[in-house]
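1. make a model of this:
(chains A and B)
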There are 2 protein chains.
Amino acid sequence: MEPVFPFDLDLRRHDSGGLVHALHSQLRAAILDGRLAPGWPLPATRRVAATLGLARNTVLAAYDLLIAEGYVLPRRRAKAVVAELASRRKSVPVAAKKHELPLNPLWQRPYLSPEPPRELPARCFRLGIPEHYHFPHAVWRRLSARCLREWSRQGFSYPPTGGLPELREAIASHVAFTRAVACTAEDVLVTSGAQHAFDLLARLLVTPGETKVAVEDPGYPQTRAAFAAAGARLVPVPVDDEGLCVERLPEDVRIVAVTPSHQSPTGAVLSMRRRTALLDFARRQGAVLIEDDYDGEFRFGGRPLDALQTLDRDGRVFYVGTFSKSLFPALRKGFIVAPAWARDKLLALQYCTDGHADALSQAVLAAFIREGHLARHVRHMQPIYAERRQALLDGLRDQLGSWLEPIPSEAGLHLAARIRDPALAPLILTRARQYTPGAQSIDHYGMNPPYPPALSFGYGQIDAGDIAEALARFGQAMRG
Amino acid sequence: MEPVFPFDLDLRRHDSGGLVHALHSQLRAAILDGRLAPGWPLPATRRVAATLGLARNTVLAAYDLLIAEGYVLPRRRAKAVVAELASRRKSVPVAAKKHELPLNPLWQRPYLSPEPPRELPARCFRLGIPEHYHFPHAVWRRLSARCLREWSRQGFSYPPTGGLPELREAIASHVAFTRAVACTAEDVLVTSGAQHAFDLLARLLVTPGETKVAVEDPGYPQTRAAFAAAGARLVPVPVDDEGLCVERLPEDVRIVAVTPSHQSPTGAVLSMRRRTALLDFARRQGAVLIEDDYDGEFRFGGRPLDALQTLDRDGRVFYVGTFSKSLFPALRKGFIVAPAWARDKLLALQYCTDGHADALSQAVLAAFIREGHLARHVRHMQPIYAERRQALLDGLRDQLGSWLEPIPSEAGLHLAARIRDPALAPLILTRARQYTPGAQSIDHYGMNPPYPPALSFGYGQIDAGDIAEALARFGQAMRG
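-> As a prediction, this is how the structure comes out:
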């Protein structure tokens, strides 16, 4: 097959960060020393992937880093090209010619598009969506009706930026109680879900084209997307059974986005040693930590480890929570618990960018929390999810023990398992699509695949019995 | 008996969990803040139990938790010792270290903070807020209850980026009907109000530090804020009785944000000759236009001039609408009608930045529009606002004619009037604060005040009778 680059690439896995790093650093070197001339169009990612035998995500991630650093200029409806080194600058380079339409080069990034919805059965192993059968719909309807009646007696007005005071209050006492996150209503900023929280934080903290942000690899793709959208230089950091490999953080990282309670997607818990090391890193490097506690309400181990926010001594942790898992995604409500120094800046940011969240659902949510329905619902769901999780663990042990090994985990709505024999991964992933639809290969979450192959199973929308049955059929098929 | 710990313990029962919890949390706190130094050997459990009068198991359990969390290291055949925890260092005041925290320089800009709410009477001349007395609250409640019931029968899911299909449909036919804005559901992107629309467009179109954006001066401050937040270079362009002075646009402007139906705050209508000149400018310069039609539903003149979006021949206009004026601000729903070339990019942007708007209020709004309640409400309010507007015009003519001269306007929820004698402006503004609270000086909206002095009066939340009375007292005060 004809070469895609006018020079040889050394793509042996580097300890320092694998294939994305190898590809990115060698392309950058070639741009710097002129082997790739300004204006040279980068070959299509598919072709590079095919020719070099890489995952397309790997090539996309390497291209993305080059774009974020200004070595490569994206082109609308055309291949990205190598930039004039002169035009490289701290801010994002300008691509627009006089008569082109204006366009922020950041939006050329390939992996930022919504995924097409997957065709899945109603009850399956999909990740990240909670159970609706047990939700107290009647309570929610009653509180909605009540809030609408109260609201109809008030004059119209623009709700306050940052959220309704009663909701900020309710959230503050909720997280103080459930996660020992010490905060007051003033520390809480209501957002349109966790994604909006990541976006606000990325825009507050990231200097486009400059700031390096460490993300878990594998990790939640939309967190990466939010930081990429703000012009961050993403640094993938590997994850093991103790969570993020803190000791692998490059010194020049200024922001670390992490899921300590329940790593997404492996489910690993960030160990206390790593937590303290991470806080020390932040202090040493003048970095901040973004603690994404997306489904930590549901726990199945002993007493949870302290949140980073709880351990933080000097305001370096932004704690992000969401009600998409503990209540329902359509509610579209999340929050940031911010250190004091960042509060006013976040309010100004929200004021300029979307003003405020819708007030009616904020009022309903506030009443729902204040009157104890959230705590009650979490208590009600905990044993239900625990039973499903146990069915999953039993099935993995009894039916698939020779092929899959669960990754230790204590919380959340999904559980991951390693594929013992990588050679069997393709077969197992195919069978999984057939017998446990919705379960995801870990590769799906990474910047830098392949990883030691693993599968993540959600149990938010499938019952214990169906889990057992599905895994039994899965095991039967594996045994031949 | 000599103390076993170098500090006092408070072992009164805590609600949140008994003596083990009390002992554990206080020892942990002492380790974290350094009262117990690394290597300090924990006293034997028997001795602690005896000294504090606790069961030995209680002490063992607390020690076990500390060991499990890594605060304490067990030693074979020796006392467990306090671990060396990186994060246990004395905290440093963050203020002293702020300089080293990552922060996007954009957020240092001074004019991005929310204004403190003004103390105003419930019924007054405030701008930009519609009437609530005539809103069909019962209909809204009924549709909400219905949507909640339907929703409770569906499985939970993440709503689609861009908005619910039925809402995009409903908006498309609504604007096609009311504003001759030709579009299909695919062209419509649902946003969290107009501010979110400006933010998405700014981030899509602005290359930080590069792109020049023309804004009306005086103009809506939050539109400026959204573009500033995205790193735009703002270019103020003056406004006269024909709206934006298109001939004053600098050649290198790539984006023009304009309020053609009802200039904010002067109320002027962008003349047809200026509309065509603006579209020519966009074609010539490779620029795009952002048409902000924030309150154009309410019109009092003859047939409205065509929207820029309607006149546009080659996809250079983004039409932005909101339901904050036609329905209510707390709904927090707006939309963008985007040219085809920008659709997918806007979807990707929304996917990365806040995913989607809340689905329940989208469903209610869709039903409200589809079943004709929006059109009906606008028809119902039109004569009410028209009467208020007429009372305002009459009062300005009969009571204040020697001091104020209305600026020609045909739509919306506010009306502006020039102060004939600039020398009297300070007096008139003082009187206005007293007799027409909520009315705003034009200077409040500008980037380069002073302007020919003018006052803008809102009539969304004050009745015709009160308007007449207020202006009568205003006039009396001026005469006497």
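2. alpha carbons only for contacts and neighbour counts from here, please
-> Will do.
3. ranges for the helices of chain A?
-> A:18-32, A:45-52, A:56-69, A:137-152, A:165-179, A:193-205, A:221-229, A:272-285, A:308-311, A:340-353, A:359-370, A:373-398, A:425-435, A:464-479 (DSSP state H).
4. mind listing what's buried in the second one?
-> For helix A:45-52, the buried set under the neighbour-count rule, 16 or more other C-alpha atoms under 10 Å in any protein chain shown, comprises A:45, A:48-49.
5. now those in TSV, with distance to chain B and pLDDT?
-> Below are the buried residues of helix A:45-52 laid out as TSV (distance: C-alpha to the nearest C-alpha, whole Å; pLDDT from 0 to 100):
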residue	distance to chain B	pLDDT
A:45	19	88
A:48	24	88
A:49	23	86
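6. export these as a markdown table, with columns for distance to residue B:62.
-> Shown next, in a markdown table, are those (distance: C-alpha to C-alpha, whole Å):
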| residue | distance to residue B:62 |
| --- | --- |
| A:45 | 55 |
| A:48 | 57 |
| A:49 | 54 |
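7. hmm, back to that, nearest to residue B:246, out of the helices of chain A?
-> Checking those against residue B:246 by C-alpha to C-alpha gives helix A:340-353 as the closest, at 25.9 Å.
8. what packs against the closest one?
-> Here helix A:340-353 touches helix A:193-205, helix B:193-205, helix B:221-229, going by 3 or more C-alpha pairs under 8 Å, 6 or more residues apart in numbering or on different chains; DSSP states H and E.
9. and the residue of chain A most remote from its centre, how far is that from chain B?
-> Within chain A, the residue lying farthest from the chain centre (C-alpha atoms, centre = their mean) is residue A:153, at 40.8 Å. Taking C-alpha to the nearest C-alpha, to the nearest Å as the measure, residue A:153 falls 9 Å from chain B.
10. also residue A:289?
-> For residue A:289, the distance to chain B - C-alpha to the nearest C-alpha - is 11 Å.
11. report the contact partners of that residue.
-> A:255-258, A:279, A:282, A:316-318 (C-alpha atoms under 8 Å, 6 or more residues apart in numbering or on different chains).
12. same deal with residue A:195?
-> So residue A:195 contacts A:222-223, A:226, B:352-355 (C-alpha under 8 Å, 6+ apart).
13. using CSV, lay out the residues you listed together with distance to residue B:324.
-> Output for the contacts of residue A:195, formatted as CSV (distance: C-alpha to C-alpha, whole Å):
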residue, distance to residue B:324
A:222, 30
A:223, 30
A:226, 27
B:352, 25
B:353, 22
B:354, 20
B:355, 21
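14. what is the nearest of these to residue A:235?
-> Among these, residue A:223 lies closest to residue A:235 (C-alpha to C-alpha), at 12.5 Å.
15. model confidence for the closest one, exactly?
-> For residue A:223, the pLDDT comes out at 92.
16. that one and residue B:43, how far apart?
-> 46 Å (C-alpha to C-alpha, to the nearest Å).
17. quick revisit: tell me the pLDDT of the residue farthest from the centre of chain A.
-> 92.
18. quick one: residues contacting it.
-> With C-alpha under 8 Å, 6+ apart, residue A:153 has no contacts at all.
19. now residue A:220
-> For residue A:220, counting by C-alpha under 8 Å, 6+ apart, the contacting residues are A:264-265, A:445-446.
20. let's see that with 6 Å instead.
-> Going by C-alpha atoms under 6 Å, 6 or more residues apart in numbering or on different chains, residue A:220 touches A:264, A:445.
21. what's the longest strand along chain A packed up against?
-> Ranked by number of residues, the top strand in chain A under DSSP state E is strand A:233-240. The helices and strands touching strand A:233-240, judged by 3 or more C-alpha pairs under 6 Å, 6 or more residues apart in numbering or on different chains; DSSP states H and E, are strand A:212-217.
22. partners of the strand it packs on, with directions?
-> Strand A:212-217 sits in its sheet next to strand A:233-240 (parallel), strand A:255-258 (parallel), going by DSSP bridges.
23. the longest one to helix A:56-69, inter-axis angle?
-> Strand A:233-240 and helix A:56-69 are oriented at 140 degrees to each other (axes from the mean of the first three to the mean of the last three C-alpha atoms, to 10 degrees).
24. buried residues in strand A:233-240?
-> Buried residues in strand A:233-240 (16+ other C-alpha under 10 Å): A:233-239.
25. show me the contacts for residue A:321.
-> Neighbours of residue A:321 in contact, by C-alpha under 6 Å, 6+ apart: A:293-294, A:334-335.
26. pLDDT added to those residues, as JSON lines?
-> Converted to JSON lines, those look like this (pLDDT from 0 to 100):
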{"residue": "A:293", "pLDDT": "94"}
{"residue": "A:294", "pLDDT": "91"}
{"residue": "A:334", "pLDDT": "96"}
{"residue": "A:335", "pLDDT": "97"}
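27. same list (these) but as TSV, adding distance to chain B.
-> Compiled in TSV, those are given as follows (distance: C-alpha to the nearest C-alpha, whole Å):
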residue	distance to chain B
A:293	17
A:294	15
A:334	11
A:335	12
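28. ok, back up a step: distance to residue B:102 added to the helices and strands packed on helix A:340-353, as CSV?
-> Shown next, in CSV, are those (distance: least, C-alpha to C-alpha, whole Å):
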stretch, distance to residue B:102
helix A:193-205, 5
helix B:193-205, 21
helix B:221-229, 17
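29. with distance to residue B:164 and neighbour count added, can I get the contacts of residue A:195 in CSV?
-> Output for the contacts of residue A:195, formatted as CSV (distance: C-alpha to C-alpha, whole Å; neighbours: other C-alpha atoms under 10 Å in any protein chain shown):
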residue, distance to residue B:164, neighbour count
A:222, 20, 22
A:223, 23, 24
A:226, 22, 28
B:352, 17, 29
B:353, 17, 28
B:354, 15, 24
B:355, 12, 26
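30. which one of those is nearest residue A:312?
-> Closest to residue A:312, out of all of these and judged by C-alpha to C-alpha, is residue A:223, at 21.9 Å.
31. for the residue lying closest to the closest one once chain neighbours are set aside, report the pLDDT, please.
-> Of all residues not flanking residue A:223 in the chain, residue A:198 sits nearest, at 6.5 Å (C-alpha to C-alpha, 6 or more residues apart in numbering or on different chains). If you check residue A:198, the pLDDT there is 96.
32. then residue A:53?
-> 81.
33. that one: what's it in contact with?
-> No contacts exist for residue A:53 under C-alpha under 6 Å, 6+ apart.
34. what's the neighbour count on residue A:155?
-> By the criterion of other C-alpha atoms under 10 Å in any protein chain shown, residue A:155 has 15 neighbours.
35. circling back: can you tell which of the helices of chain A is closest to residue B:402?
-> Closest among the helices of chain A, using C-alpha to C-alpha: helix A:340-353, at 39.2 Å.
36. buried residues in that closest one, which are they?
-> Buried, per 16+ other C-alpha under 10 Å, within helix A:340-353: A:340, A:342-353.
37. next, the angle helix B:193-205 makes with that helix.
-> Going by the same axes, to 10 degrees, helix A:340-353 makes 100 degrees with helix B:193-205.
38. average pLDDT for helix A:340-353?
-> pLDDT averaged over helix A:340-353 gives 89.
39. that helix vs helix B:221-229, what angle?
-> Using the same axes, to 10 degrees: helix A:340-353 against helix B:221-229 is 120 degrees.
40. what parts of the stretch 251-400 of chain A come near chain B?
-> A:272, A:276-277, A:279-280, A:286, A:313-314, A:329-332, A:348, A:351-354, A:358-359 (C-alpha under 6 Å from any C-alpha of the partner chain).
41. ok, of the residues you listed, which come out buried?
-> A:272, A:276-277, A:279-280, A:286, A:313-314, A:329-332, A:348, A:351-354, A:358-359.
42. now flag whichever of the contacts of residue A:289 is closest to residue A:114.
-> Nearest to residue A:114 among those, with distances taken as C-alpha to C-alpha, is residue A:257, at 21.0 Å.
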